[in-house]
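[1] below are the sequence and a predicted model; questions follow.
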Amino acid sequence: MTTVRTLQPNDARAVVERIVHQLSDDARRRPLVNAHLDGEVLYETILHATTSTWVAFDDGTVVGHLYGAVLGDPTHALAAWTGPDGASFDDADVLTQLVRDASASWRRAGAAQHFSWTLDDDEHIDPWRSLGYEPLSVRGVMKLLERDVRALPAGLSLRAARPADIDQVLELDHVIDVAQGEPGAVSRKDRHAIRRELLELLEDPEVKHYVVEGDGNVLAQAITFPLPARRGSFDETLHLSEVVVHPSVQGHGVASAMIDAVLDDARREGYHYVEAQWRVTNEQASSFWPRYGLAPTYVRLARSLT
Ligand SMILES: CC(C)(COP(=O)(O)OP(=O)(O)OC[C@H]1O[C@@H](n2cnc3c(N)ncnc32)[C@H](O)[C@@H]1OP(=O)(O)O)[C@@H](O)C(=O)NCCC(=O)NCCS
């Protein structure tokens, strides 16, 4: 019979072993997953997460684990988060019991949703799906190799964004929201906050904000920054975000040429990989990124806790 309880220090070694095994299995199936992890660091981390890690046992043997950190900020409701190393289970019944016990605790902590990253294939997704989880977004990765940089259509040029671009950049952000199915009206207060955030980004030496200009108008943008260390990703990975092309010039190779140039810059600066994330419901992004060369690695699943 399977039993579940929160982690005790003498379970930690068995859980670390499961995570090491799982990550190397993920990397075997998806070579753009980085299997490297420091077992000792992970062991210490787990010992500090005893109340947010659940462990399943069968006859005294560990058969699964589930870690979920309840996080939130002023703009996002509280949610429980599980990374690619946060769950392992020998079968779907083990996952069911882990999720049942953990969800009760997350609800008590005020979380309204649970997000869990898992390898992007049916074998990994199906046990979650049977519990009501649905894919929300995909993480795609590409190795940066020297390649030809395609030219932008005539009359368009790439440059760094400037504070004076801010209003046109805000309009492009709205195009992303619409593509992601979040066209919600932005209040004046939000607009002020977003303007401030964008202006701060321009000051951040780690962030690069590229725009494509044509006829004095900002027609496309991409924002890049070094991806912070995270499980499953390689060091020296560039994170590419807020990629958007104005609807009036979509489908003419603007994004392809802009990203070619951005990634050429990144490769010369010493980056080895690029990552981007897109919503599974965003048809343009779901078609564009894999065709551009980004291979899906992990998918973020979501389930309501209310
Ligand atoms: C995704 C997006 C950035 C692509 O921009 P784009 O400039 O239209 O992209 P490209 O023109 O380079 O490629 C788009 C398509 O046109 C085709 N294409 C490329 N060059 C072309 C050309 N010269 N002539 C005709 N078609 C061309 C490509 O094959 C591509 O097909 P695909 O989407 O099936 O892969 C754009 O659709 C967009 O801004 N969407 C809304 C915002 C968004 O979803 N952003 C991503 C958030 S993760």
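    It's in.
[2] can you point out the buried residues in the helix or strand of the chain with the lowest mean pLDDT?
    Using mean pLDDT, DSSP states H and E, the weakest-scoring helix or strand in the chain turns out to be helix 188-203, at a mean of 76. Residues Leu198, Leu201, Leu202 are the ones in helix 188-203 that count as buried (16 or more other Cβ atoms under 10 Å). From N, CA and C alone the C-beta is placed, and that goes for glycine too.
[3] repeat for stretch 48-67
    Quick answer for stretch 48-67 (16+ other Cβ under 10 Å): 49, 52-57, 62-67.
[4] helices or strands up against the least confident helix or strand of the chain?
    helix 166-179, strand 208-214 (3 or more Cβ pairs under 8 Å, 6 or more residues apart in numbering; DSSP states H and E).
[5] give the rounded mean pLDDT of the first one.
    On average, the pLDDT along helix 166-179 is 92.
[6] what of stretch 274-281?
    97.
[7] likewise for stretch 233-248?
    Across stretch 233-248, pLDDT averages out at 97.
[8] sorry, back to before: would CSV of the helices and strands packed on helix 188-203 with mean neighbour count and distance to His36 be doable?
    Formatted as CSV, those follow (neighbours: other Cβ atoms under 10 Å; distance: least, Cβ to Cβ, whole Å):
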stretch, mean neighbour count, distance to His36
helix 166-179, 16, 32
strand 208-214, 20, 27
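[9] Arg150 is nearest to which of these?
    Nearest to Arg150 among the helices and strands packed on helix 188-203 is strand 208-214 (12.8 Å), distances taken as Cβ to Cβ.
[10] does the ligand sit close to the closest one?
    No - using Cβ under 6 Å from any ligand atom, strand 208-214 stays clear of the ligand, coming no nearer than 9.1 Å.
[11] helix or strand right after that strand?
    Later in the chain than strand 208-214, the nearest helix or strand by DSSP states H and E is strand 217-226.
[12] helices or strands up against that next one?
    When contacts are defined as 3+ Cβ pairs under 8 Å, 6+ apart, strand 217-226 sits against helix 166-179, strand 208-214, strand 237-245, helix 254-269.
[13] got the contact list for it?
    With Cβ atoms under 8 Å, 6 or more residues apart in numbering as the test, strand 217-226 has contacts from 156, 161, 165, 168-169, 172, 201, 204, 206-213, 236-246, 248-249, 254-255, 258-259, 262, 266, 271.
[14] and these, which are buried?
    Burial by neighbour count, 16+ other Cβ under 10 Å: within the contacts of strand 217-226 this picks out 156, 161, 165, 168-169, 172, 201, 208-213, 237-240, 242-246, 249, 254-255, 258-259, 262, 266, 271.
[15] up against the ligand, what does this protein have?
    So the chain meets the ligand at 175-176, 179, 243-245, 250-256, 278, 282, 284-285, 287-288, 291 (Cβ under 6 Å from any ligand atom).
[16] which residues touch whatever residue of the stretch 1-150 of the chain ends up closest to the ligand?
    Residue of the stretch 1-150 of the chain nearest the ligand, by Cβ to the nearest ligand atom: Arg150 (8.2 Å). Residues in contact with Arg150, defined by Cβ under 8 Å, 6+ apart, are Gly253, Ser256, Ala257, Asp260.
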